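Asker: I would like to see how this sequence folds:
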Amino acid sequence: MTASEGADNIQSYARLAGVLGVLTLVAGGFGEAYVPSQILVSGDPAATVRNVVASESLFRWGFAGYLVEALCDAGLTVAFWVLVRPVHRNLAMGMVVFRIISTCGFAAAMMLWFGALQTLKAAPQLATLPPDHLGALAYTLLRVSGFGQALFSTFYGVANVIFGALIYRSGYLPRVFGVGFVIMGIAFTLRTFLLVLAPEYASPLLLVTAGIVFPPFIVWLLVKGVNVEKFHGRAWQRATT
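Answerer: Numbers count the residues shown, from 1 in each chain. Presented below is the predicted three-dimensional model:
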(Lines give C-alpha, C1' and ligand atoms only; values in the text may rest on other atoms or scores of the structure.)
Protein backbone atom coordinates (compact mmCIF):
# COMPACT_ATOMS: atom_id res chain seq x y z
CA MET A 1 0.00 0.00 0.00
CA THR A 2 1.41 3.42 -0.95
CA ALA A 3 1.45 6.38 1.44
CA SER A 4 -1.31 8.01 -0.59
CA GLU A 5 -3.46 4.87 -0.40
CA GLY A 6 -2.85 4.66 3.36
CA ALA A 7 -3.88 8.28 3.79
CA ASP A 8 -7.05 7.72 1.78
CA ASN A 9 -7.84 4.62 3.85
CA ILE A 10 -7.66 6.24 7.29
CA GLN A 11 -9.47 9.35 6.07
CA SER A 12 -12.20 7.07 4.71
CA TYR A 13 -12.69 5.68 8.22
CA ALA A 14 -12.81 9.20 9.61
CA ARG A 15 -15.45 10.21 7.06
CA LEU A 16 -17.37 6.98 7.71
CA ALA A 17 -17.42 7.77 11.42
CA GLY A 18 -18.69 11.25 10.59
CA VAL A 19 -21.53 9.98 8.40
CA LEU A 20 -22.55 7.32 10.92
CA GLY A 21 -22.38 9.93 13.66
CA VAL A 22 -24.82 12.18 11.80
CA LEU A 23 -27.22 9.27 11.25
CA THR A 24 -26.91 8.36 14.93
CA LEU A 25 -27.79 11.89 16.00
CA VAL A 26 -30.82 12.09 13.70
CA ALA A 27 -32.21 8.59 14.29
CA GLY A 28 -31.39 8.59 18.00
CA GLY A 29 -32.81 12.07 18.50
CA PHE A 30 -36.06 10.94 16.90
CA GLY A 31 -36.34 7.52 18.55
CA GLU A 32 -34.96 8.30 22.00
CA ALA A 33 -35.93 11.92 22.51
CA TYR A 34 -38.77 13.14 20.30
CA VAL A 35 -41.02 10.07 20.33
CA PRO A 36 -40.82 9.48 24.12
CA SER A 37 -41.58 13.18 24.65
CA GLN A 38 -44.80 12.67 22.69
CA ILE A 39 -45.73 9.40 24.40
CA LEU A 40 -44.76 9.63 28.04
CA VAL A 41 -46.78 11.72 30.46
CA SER A 42 -44.96 12.03 33.76
CA GLY A 43 -46.98 10.72 36.68
CA ASP A 44 -49.98 9.79 34.52
CA PRO A 45 -49.97 6.10 33.47
CA ALA A 46 -53.44 6.30 31.94
CA ALA A 47 -52.55 9.20 29.66
CA THR A 48 -49.31 7.49 28.66
CA VAL A 49 -51.13 4.29 27.71
CA ARG A 50 -53.68 6.29 25.70
CA ASN A 51 -50.83 7.95 23.81
CA VAL A 52 -49.25 4.59 22.99
CA VAL A 53 -52.53 3.27 21.58
CA ALA A 54 -53.46 6.48 19.77
CA SER A 55 -49.97 7.00 18.32
CA GLU A 56 -49.05 3.41 17.47
CA SER A 57 -47.50 4.39 14.15
CA LEU A 58 -45.31 7.04 15.79
CA PHE A 59 -44.36 4.54 18.50
CA ARG A 60 -43.26 2.00 15.88
CA TRP A 61 -41.34 4.58 13.86
CA GLY A 62 -39.58 5.65 17.05
CA PHE A 63 -38.41 2.10 17.66
CA ALA A 64 -37.31 1.85 14.02
CA GLY A 65 -35.28 5.00 14.59
CA TYR A 66 -33.59 3.33 17.54
CA LEU A 67 -32.74 0.30 15.36
CA VAL A 68 -31.06 2.58 12.82
CA GLU A 69 -29.14 4.25 15.62
CA ALA A 70 -28.02 0.88 17.01
CA LEU A 71 -26.77 -0.25 13.59
CA CYS A 72 -24.87 3.00 13.13
CA ASP A 73 -23.45 2.75 16.64
CA ALA A 74 -22.03 -0.68 15.84
CA GLY A 75 -20.33 0.79 12.78
CA LEU A 76 -19.08 3.74 14.83
CA THR A 77 -17.46 1.35 17.29
CA VAL A 78 -15.45 -0.23 14.48
CA ALA A 79 -14.48 3.15 12.99
CA PHE A 80 -13.47 4.57 16.37
CA TRP A 81 -11.31 1.51 17.05
CA VAL A 82 -9.47 1.98 13.77
CA LEU A 83 -8.92 5.66 14.52
CA VAL A 84 -7.40 5.22 17.99
CA ARG A 85 -5.75 1.77 17.91
CA PRO A 86 -2.29 3.19 17.03
CA VAL A 87 -2.28 4.99 20.39
CA HIS A 88 -2.79 1.89 22.53
CA ARG A 89 -4.26 -1.24 20.98
CA ASN A 90 -5.40 -2.87 24.24
CA LEU A 91 -7.10 0.27 25.56
CA ALA A 92 -8.77 0.72 22.18
CA MET A 93 -10.10 -2.83 22.44
CA GLY A 94 -11.32 -2.04 25.97
CA MET A 95 -13.26 0.88 24.54
CA VAL A 96 -14.82 -1.48 22.00
CA VAL A 97 -15.85 -3.97 24.71
CA PHE A 98 -17.50 -1.30 26.86
CA ARG A 99 -19.34 0.15 23.86
CA ILE A 100 -20.60 -3.31 22.88
CA ILE A 101 -21.86 -4.01 26.41
CA SER A 102 -23.58 -0.62 26.42
CA THR A 103 -25.26 -1.25 23.06
CA CYS A 104 -26.42 -4.75 24.03
CA GLY A 105 -27.74 -3.60 27.40
CA PHE A 106 -29.53 -0.68 25.82
CA ALA A 107 -31.05 -3.05 23.25
CA ALA A 108 -32.41 -5.26 26.05
CA ALA A 109 -33.99 -2.21 27.69
CA MET A 110 -35.51 -1.12 24.38
CA MET A 111 -37.10 -4.55 23.95
CA LEU A 112 -39.05 -3.81 27.12
CA TRP A 113 -40.06 -0.48 25.62
CA PHE A 114 -41.46 -2.15 22.49
CA GLY A 115 -42.98 -4.83 24.71
CA ALA A 116 -45.36 -2.23 26.14
CA LEU A 117 -47.09 -1.93 22.76
CA GLN A 118 -47.20 -5.70 22.34
CA THR A 119 -48.79 -6.03 25.78
CA LEU A 120 -51.54 -3.60 24.87
CA LYS A 121 -52.06 -5.26 21.48
CA ALA A 122 -52.41 -8.63 23.23
CA ALA A 123 -55.54 -7.53 25.07
CA PRO A 124 -57.85 -10.04 23.27
CA GLN A 125 -55.55 -12.92 24.28
CA LEU A 126 -55.40 -11.66 27.84
CA ALA A 127 -59.11 -11.12 28.28
CA THR A 128 -59.00 -12.45 31.84
CA LEU A 129 -57.02 -9.36 32.89
CA PRO A 130 -58.89 -6.10 33.43
CA PRO A 131 -57.91 -3.35 30.91
CA ASP A 132 -56.48 -1.16 33.66
CA HIS A 133 -54.15 -4.00 34.69
CA LEU A 134 -52.87 -4.30 31.13
CA GLY A 135 -52.32 -0.55 31.06
CA ALA A 136 -50.43 -0.68 34.34
CA LEU A 137 -48.25 -3.51 33.02
CA ALA A 138 -47.49 -1.60 29.81
CA TYR A 139 -46.65 1.55 31.75
CA THR A 140 -44.37 -0.44 34.04
CA LEU A 141 -42.53 -1.84 31.02
CA LEU A 142 -41.97 1.70 29.73
CA ARG A 143 -40.63 2.88 33.09
CA VAL A 144 -38.36 -0.13 33.57
CA SER A 145 -37.10 0.33 30.02
CA GLY A 146 -36.18 3.93 30.72
CA PHE A 147 -34.34 2.98 33.88
CA GLY A 148 -32.54 0.15 32.08
CA GLN A 149 -31.37 2.53 29.37
CA ALA A 150 -29.93 4.81 32.03
CA LEU A 151 -28.23 1.96 33.88
CA PHE A 152 -26.36 0.71 30.84
CA SER A 153 -25.20 4.22 29.96
CA THR A 154 -22.51 3.70 32.60
CA PHE A 155 -20.70 1.37 30.17
CA TYR A 156 -21.06 4.02 27.49
CA GLY A 157 -19.57 6.50 29.93
CA VAL A 158 -16.52 4.35 30.65
CA ALA A 159 -16.03 3.75 26.91
CA ASN A 160 -16.01 7.52 26.35
CA VAL A 161 -13.46 8.08 29.11
CA ILE A 162 -11.13 5.59 27.41
CA PHE A 163 -11.84 7.02 23.96
CA GLY A 164 -11.21 10.55 25.19
CA ALA A 165 -7.92 9.58 26.80
CA LEU A 166 -6.77 7.94 23.56
CA ILE A 167 -7.75 10.99 21.51
CA TYR A 168 -5.84 13.22 23.94
CA ARG A 169 -2.71 11.10 23.60
CA SER A 170 -3.02 10.57 19.85
CA GLY A 171 -1.45 13.75 18.54
CA TYR A 172 -3.45 13.46 15.28
CA LEU A 173 -6.84 14.53 16.67
CA PRO A 174 -7.48 17.76 18.61
CA ARG A 175 -6.86 17.31 22.33
CA VAL A 176 -9.92 19.39 23.18
CA PHE A 177 -12.12 16.54 21.94
CA GLY A 178 -10.22 14.13 24.18
CA VAL A 179 -10.94 16.30 27.21
CA GLY A 180 -14.56 16.65 26.14
CA PHE A 181 -15.12 12.91 25.80
CA VAL A 182 -13.53 12.24 29.19
CA ILE A 183 -15.83 14.81 30.82
CA MET A 184 -18.85 13.39 28.97
CA GLY A 185 -17.95 9.85 30.04
CA ILE A 186 -17.59 10.86 33.67
CA ALA A 187 -20.93 12.69 33.54
CA PHE A 188 -22.77 9.66 32.11
CA THR A 189 -21.20 7.27 34.62
CA LEU A 190 -21.85 9.62 37.52
CA ARG A 191 -25.51 9.99 36.60
CA THR A 192 -26.00 6.22 36.56
CA PHE A 193 -24.61 5.85 40.05
CA LEU A 194 -26.69 8.79 41.24
CA LEU A 195 -29.82 7.13 39.83
CA VAL A 196 -29.03 4.09 41.97
CA LEU A 197 -27.76 5.79 45.14
CA ALA A 198 -29.30 9.27 45.17
CA PRO A 199 -31.99 9.65 42.47
CA GLU A 200 -32.87 13.18 43.53
CA TYR A 201 -29.43 14.36 42.40
CA ALA A 202 -29.36 12.50 39.05
CA SER A 203 -29.93 15.58 36.93
CA PRO A 204 -30.57 15.06 33.19
CA LEU A 205 -28.30 18.08 32.68
CA LEU A 206 -25.37 15.70 33.07
CA LEU A 207 -26.34 14.22 29.71
CA VAL A 208 -26.14 17.62 28.02
CA THR A 209 -22.39 17.06 27.79
CA ALA A 210 -23.07 14.65 24.90
CA GLY A 211 -24.72 17.44 22.90
CA ILE A 212 -21.74 19.71 23.54
CA VAL A 213 -18.99 17.22 22.65
CA PHE A 214 -20.29 14.67 20.14
CA PRO A 215 -21.72 16.87 17.32
CA PRO A 216 -18.59 19.08 16.96
CA PHE A 217 -16.40 15.97 16.91
CA ILE A 218 -18.51 14.42 14.14
CA VAL A 219 -18.32 17.64 12.12
CA TRP A 220 -14.53 17.66 12.58
CA LEU A 221 -14.26 14.10 11.27
CA LEU A 222 -16.37 15.00 8.23
CA VAL A 223 -14.51 18.20 7.42
CA LYS A 224 -10.96 17.66 8.66
CA GLY A 225 -10.56 13.99 9.47
CA VAL A 226 -7.23 13.10 11.09
CA ASN A 227 -3.70 14.40 10.65
CA VAL A 228 -2.60 11.60 8.33
CA GLU A 229 1.15 12.14 8.73
CA LYS A 230 0.97 12.01 12.52
CA PHE A 231 -1.43 9.06 12.40
CA HIS A 232 0.96 6.95 10.35
CA GLY A 233 3.90 8.13 12.43
CA ARG A 234 2.10 6.96 15.55
CA ALA A 235 1.16 3.65 13.88
CA TRP A 236 4.77 3.08 12.81
CA GLN A 237 6.01 3.89 16.32
CA ARG A 238 3.57 1.40 17.81
CA ALA A 239 4.57 -1.30 15.31
CA THR A 240 8.28 -0.97 16.12
CA THR A 241 7.97 -1.05 19.94
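
Asker: for Ile167, which non-adjacent residue is closest in space?
Answerer: Nearest non-adjacent residue to Ile167, counting by C-beta to C-beta, 6 or more residues apart in numbering: Gly178, 3.6 Å away. All C-beta atoms are positioned from the backbone trio N, CA, C, and that covers glycine.

Asker: list the contacts of whatever helix or strand Leu195 lives in.
Answerer: Element membership for Leu195, per DSSP states H and E: helix 175-197. For helix 175-197, contacts defined as C-beta atoms under 8 Å, 6 or more residues apart in numbering pick out 147, 150-151, 153-154, 156-170, 201-204, 206-207, 209-210, 212-214, 216-217, 220.

Asker: name the SS class of Val87, please.
Answerer: coil (DSSP: H, G, I helix; E, B strand; the rest coil).

Asker: that one and Gln11: what is the separation?
Answerer: 17 Å (C-beta to C-beta, to the nearest Å).

Asker: quick one on the thing from earlier: chain center to the next helix or strand after the helix holding Leu195: distance?
Answerer: Next helix or strand after helix 175-197 toward the C-terminus (DSSP H and E): helix 208-223. Centroid separation for helix 208-223 versus its chain: 13 Å, with C-alpha atoms, centre = their mean, to the nearest Å.

Asker: can you check stretch 71-85 too?
Answerer: With C-alpha atoms, centre = their mean, you get 12 Å for stretch 71-85.

Asker: avg pLDDT for that stretch?
Answerer: On average, the pLDDT along stretch 71-85 is 95.

Asker: can you check stretch 30-41 too?
Answerer: Mean predicted lDDT for stretch 30-41 stands at 92.

Asker: tell me the gap between that stretch and the middle of its chain.
Answerer: With C-alpha atoms, centre = their mean as the basis, stretch 30-41 stands 16 Å off its chain's centre.

Asker: now swap in stretch 170-179 and tell me
Answerer: 21 Å.

Asker: that older thread, which of Val87 and Gln11 has more neighbours?
Answerer: Ranked by neighbour count (other C-beta atoms under 10 Å), Val87 and Gln11 place Val87 first, with 22 against 16.

Asker: where do the helices sit along the chain?
Answerer: 3-28, 35-39, 45-54, 56-84, 89-121, 131-170, 175-197, 208-223, 228-239 (DSSP state H).

Asker: just the buried residues of the longest one, please?
Answerer: Meaning helix 131-170. 134-135, 137-139, 141-143, 145, 148-168, 170 (16 or more other C-beta atoms under 10 Å).

Asker: orientation of it relative to helix 89-121 in degrees?
Answerer: Per axes from the mean of the first three to the mean of the last three C-alpha atoms, to 10 degrees, the angle that helix 131-170 makes with helix 89-121 is 160 degrees.

Asker: what's the average pLDDT for helix 131-170?
Answerer: For helix 131-170, the per-residue pLDDT averages 91.

Asker: can you check the third one too?
Answerer: Predicted confidence along helix 45-54 averages 91 (mean pLDDT).

Asker: Ala79 reaches Leu20, doesn't it?
Answerer: Yes: if you go by C-beta atoms under 8 Å, Ala79 and Leu20 touch, sitting 6.6 Å apart.
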